[in-house]
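> No sequence on hand, only this structure:
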């Protein structure tokens with residue numbers, strides 16, 4: 001940041017593509033002004049995507065989730081990029097469903113040379129779909145028992161080394177070759193970048209800049225224990241060549257390793273596999289082309305032509321680094337010359353059937369997205385992840401094929417019924433072209449955004465009016481909300497049973513009142529002893545998470561959706577209710593003290609049936625558990641500790657209280673101060689030390705002081721299973 005003589009603030013941008021000392025120093029020595037037009041283009045894209053996506057998503061979600069119970073998706077979203085991406089998957093699904101196998105016939109022909117070598121040859125006509133026609137040709141060929149060699153062509157071909165690596169190619173190889181999802185691949189690549197192992201992983205460029213030190217980066221890999229010897233041989237033999245020139249879009253250089261090399265001891269799992277590929281791809285771009293010879297032999301049998309072709313590798317070149325791209329040697333061709341005659345060993349008619357196309361892989365979808373301008377190199381993984389998490393498609397098999405669900409198919413078919421433009425990639429491509437004009441300074445930001453929003457506003461209005469056309473498809477595929485779920489608790493209005501819909505989003509539905517009540521996501525729900533809320537007469541529920549580490553608490557379905565008090569917001573359970581007289585209200589009768597961690601919440605005793613016995617904060621992850629094998633733990637809110645003001649708790653053991661001689665079964669005291677109770681408490685990993693009062697710890701809670709005896713604080717919190725000791 002610099003200041004001119006008039007004290008006007010100037011902001012400059014440091015552009016670097018790798019977190020290395022030399023790159024950062026070079027960037028700060030060559031500061032540039034920010035590109036205002038690029039920034040405006042990004043703002044326009046964000047505004048359009050947000051406005052359009054929110055409008056369609058909110059309408060769809062509220063409309064369909066209010067009618068159907070087994071959608072199994074928490075959000076019925078629409079996006080200018082995610083929806084065309086889903087469209088690609090559904091197009092292939094439709095092609096598979098509509099496919100009808102068709103029989104065809106081929107001639108399976110084998111020839112035998114004078115030296116006894118048998119080879120299979122290909123009929124130039126390929127396959128025929130008429131059985132009578134191929135039978136005619138078969139009879140014609142069977143009239144002769146020999147084949148004459150009419151032509152031999154020997155040629156040398158090359159398989160060019162790959163272009164420098166950009167983001168899209170990295171994502172495709174990660175999915176198809178390494179079995180890593182694009183989202184995980186992008187996260188791993190970003191971590192490799194921030195740790196200084198590779199250059200910036202978000203780029204569309206496939207051409208190394210003139211100033212890039214290719215030789216220095218290659219030499220840095222000589223010290224690697226896995227591929228260092230091969231790199232040394234490549235350099236010593238002088239086989240390293242210049243890279244092919246791709247396209248330079250002016251963003252960042254291609255993805256390469258930095259001047260520092262890593263090994264398996266420094267990286268592991270997906271990060272190591274991705275790093276290994278990036279390094280080998282870089283080396284392959286500087287290696288010789290793969291060379292091989294091809295011998296093509298033409299045979300004549302009667303009046304029909306047959307061919308044979310075989311490959312032999314001369315120099316594997318760059319394919320030594322990328323073994324999955326290796327050109328495989330074919331069976332050695334027979335040693336013959338033009339005019340030689342070989343015998344006909346076999347000729348038969350083989351009936352086969354056409355095969356339906358397979359579902360698209362992630363790699364193939366990424367290729368389609370790039371070709372149609374759907375998303376950017378940075379957002380492509382996000383769009384693919386979205387269609388999976390929304391339950392529109394499922395990733396199946398090791399090939400990572402995207403198979404649409406019923407919800408995904410119905411959505412796309414519904415868009416096509418109402419407005420096909422909503423799912424076609426051409427609409428997004430047109431928007432991207434206009435955004436590129438803003439980036440170049442050739443279009444007005446305000447006018448373009450207003451124009452695009454006007455178009456989508458008209459489309460949205462038409463979509464809302466015609467939603468019945470999509471709803472007809474939903475009616476066929478999904479069950480009405482009134483017929484979904486199983487009875488669980490009684491409604492406070494009609495006293496009939498509410499039905500629990502356990503598909504996403506979890507909710508309760510009253511068929512009589514035609515009301516739906518939302519529930520927390522990803523939880524398990526059961527009735528709580530038929531207890532009722534004193535405010536609305538709804539039966540209470542116990543809500544618990546899928547694992548032991550999640551909180552368990554009581555919830556009133558009506559209060560959760562309609563906050564009963566001004567100081568409560570929608571989405572709160574009974575553990576946060578401020579009702580002064582309800583025995584289920586956590587901060588009142590079920591809490592012995594304020595949370596010492598966040599100082600805002602209260603430590604609330606979890607209801608029986610949860611993880612016995614635990615006090616959990618209703619505002620933060622603080623957990624205090626203990627009193628193992630206790631028969632009951634009750635908060636005596638009427639008795640306060642004279643030392644810290646916390647409410648007493650009453651603990652009962654059927655076989656006698658631990659650490660107390662005799663047969664005493666009940667003990668009353670303060671869990672914050674009483675030495676007998678402190679010894680029975682376990683500090684969970686998510687909690688921090690307990691203090692003796694409700695005041696903040698000294699130093700704002702960040703000090704390294706000794707704290708209360710019996711509680712240990714280490715890095716990241718107390719040790720798991722550390723028992724308090726006096």
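Ah, there it is. Quick caveat, the model's predicted, so the values are computed rather than measured. Numbering: from 1, shown residues only.
> per-residue confidence for the spatially closest residue to residue 530 that is not a sequence neighbour?
Spatially, and ignoring its direct neighbours in sequence, residue 530 is nearest to residue 539 (6.0 Å; Cβ to Cβ, 6 or more residues apart in numbering). In this view, the C-beta of every residue, glycine as well, is placed from N, C-alpha and C. At residue 539, the model reports a pLDDT of 92.
> so how far is stretch 32-42 from its chain's centroid?
30 Å (Cα atoms, centre = their mean, to the nearest Å).
> ugh, wrong one, I meant stretch 459-478
Averaging C-alpha positions (Cα atoms, centre = their mean) puts stretch 459-478 29 Å from its chain's average.
> With stretch 147-164 instead?
Remark: stretch 147-164 is offset 42 Å from the chain centroid, using Cα atoms, centre = their mean.
> and what of stretch 108-118?
Mean-position distance between stretch 108-118 and its chain equals 53 Å (Cα atoms, centre = their mean).
> Run through who's touching it.
119-121, 123, 141, 147, 299, 301, 306, 334-336, 340, 342-350 (Cβ atoms under 8 Å, 6 or more residues apart in numbering).
> Pull out the buried positions in it.
The neighbour-count check on stretch 108-118 (16 or more other Cβ atoms under 10 Å) flags 109, 111, 112, 113 as buried.
> Do me a favour and average the pLDDT over it.
For stretch 108-118, the mean per-residue pLDDT is 86.
> and if you look at stretch 199-216?
Per-residue scores along stretch 199-216 average to 89.
> what's the answer for stretch 605-616, then?
What stretch 605-616 shows for mean pLDDT is 73.
> So for it, first residue to last residue, what's the gap.
In stretch 605-616, first residue to last residue: 7 Å (Cα to Cα, to the nearest Å).
> and if you look at stretch 218-233?
Stretch 218-233: ends 12 Å apart by Cα to Cα.
> Give me the contact list for it.
Stretch 218-233 has contacts (Cβ under 8 Å, 6+ apart) with 234-235, 240, 257-264, 276, 279-280, 282-283, 286, 320-321.
> List of residues touching the host helix or strand of residue 186?
Following DSSP states H and E, one finds residue 186 within helix 182-194. Helix 182-194 has contacts (Cβ under 8 Å, 6+ apart) with 18-19, 167, 170-171, 174-175, 178, 180, 198-201, 255, 267, 270-271, 274-275, 278, 362, 366, 378, 380-382, 384-385.
> Now the buried members of the contacts of stretch 108-118.
Among the contacts of stretch 108-118, the ones that count as buried by 16+ other Cβ under 10 Å are 119, 121, 123, 141, 147, 299, 301, 306, 334, 336, 340, 342, 344, 347.
> Out of the residues you listed, which sit inside helices?
Of these, the ones assigned to helices by DSSP state H are residue 141.
> could you point out where the stretch 251-400 of the chain is predicted with low confidence?
Within the stretch 251-400 of the chain, not a single segment meets pLDDT under 70.
> Then the chain?
Along the chain, segments meeting pLDDT under 70 span 1-9, 18, 20, 548-549, 608-611, 659, 682-726.
> Closest to the centroid, which residue in it?
Geometric centre of the chain, nearest residue: residue 385, 3.9 Å, by Cα atoms, centre = their mean.
> ok, longest helix in this structure?
Assignment by DSSP H; longest helix in the chain turns out to be helix 36-65.
> in it, what's buried?
Judged by neighbour count using 16+ other Cβ under 10 Å, the buried positions of helix 36-65 are 37, 40-41, 44-45, 48-49, 51-53, 55-57, 59-61, 63-65.
> For the closest residue to residue 520 other than its chain neighbours, give me its contacts.
Leaving aside its sequence neighbours, residue 520 sits nearest to residue 543 (Cβ to Cβ, 6+ apart; 6.0 Å). With contacts defined as Cβ under 8 Å, 6+ apart, residue 543 is in contact with 519, 520, 523, 524, 525, 552, 553, 554, 555, 573.
> can you tell me which of the residues you listed are in strands?
Secondary structure from DSSP state E places 524, 525, 552, 553, 554, 555 of the contacts of residue 543 in strands.
> Which of those sits closest to residue 418?
residue 525 (36.1 Å; Cβ to Cβ).
> So the residue lying closest to the closest one once chain neighbours are set aside versus residue 547, what's the distance?
Take residue 525 and drop its neighbours on the chain: the residue closest to it by Cβ to Cβ, 6+ apart is residue 541, 5.3 Å away. Distance, residue 541 to residue 547, by Cβ to Cβ, to the nearest Å: 19 Å.
> In terms of neighbours, single out the busier of the two.
Shown here are residue 541 and residue 547; by other Cβ atoms under 10 Å, residue 541 has more neighbours (25 against 6).
> Just checking: what are the partner strands of the helix or strand containing that one?
The secondary structure element spanning residue 541 is strand 539-544 (assigned by DSSP H and E). Sheet pairing for strand 539-544, assigned by DSSP bridges, gives strand 524-532 (antiparallel), strand 552-555 (antiparallel).
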